[in-house]
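*Asks:* Test case, fold it:
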Amino acid sequence: MPRRKKADRLQFNVRMREVLRAKIEKAANARDVSLNTEAVDRLEKSFLADERREDVNQAALFAAMGGEENYRAFRFLFLPVPLIERETGKTWQDDPVTYQRVLGAFMAVMQTFGANSGLPEEQANEELEAGFQFAKGMLAGAAASAKKSGGKQ
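*Replies:* Presented below is the predicted three-dimensional model:
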């Protein structure tokens, strides 16, 4: 069977409820176009809307993570998680061994791609502790907020 070209026009039969067909007909009449043109235009617009939504969602995600570079780094950071979980057969949240392996993978990725050199060991440990305390405070604030709102966030 020969391959179809993107520009080929093909017949595509579709089943729909009469109510929907009537809506398409009404819209087509208002624009003075065929039912086919109206249906195809609406399908194409729905895909464009999906793409715009994806672009907006991606932009919001980049902004929330401090930029596209951070987003890409965090995606790479989390790549080992499902592989480790598959290997151990358990999730990192439920199994101490899997948790330690994931933590080790995170640290290896951070050390490989981050600015990890140049700090004396004592200062590096102090900064690590400061990061832990920051995260604990952030999580405590989120938990308090969730409790205050009845767990609805």
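
*Asks:* where do the helices sit along the chain?
*Replies:* Here the chain has its helices, by DSSP state H, at 18-31, 35-64, 68-78, 80-88, 96-113, 121-148.

*Asks:* quick one: which of those is nearest residue 9?
*Replies:* Evaluated over those, closeness to residue 9 peaks at helix 35-64, with 9.5 Å, by CB to CB. Quick note: C-beta positions are derived from backbone N, CA and C, even for glycine.

*Asks:* Report the angle between that closest one and helix 68-78.
*Replies:* Angle, helix 35-64 to helix 68-78, by axes from the mean of the first three to the mean of the last three CA atoms, to 10 degrees: 80 degrees.

*Asks:* on contacts alone, who are the packing partners of helix 35-64?
*Replies:* Judged by 3 or more CB pairs under 8 Å, 6 or more residues apart in numbering; DSSP states H and E, helix 35-64 is in contact with helix 18-31, helix 68-78.

*Asks:* by contact count, what packs against the shortest one?
*Replies:* Spelled out, it's helix 68-78. On a contact count with 3+ CB pairs under 8 Å, 6+ apart, helix 68-78 meets helix 35-64, helix 96-113.
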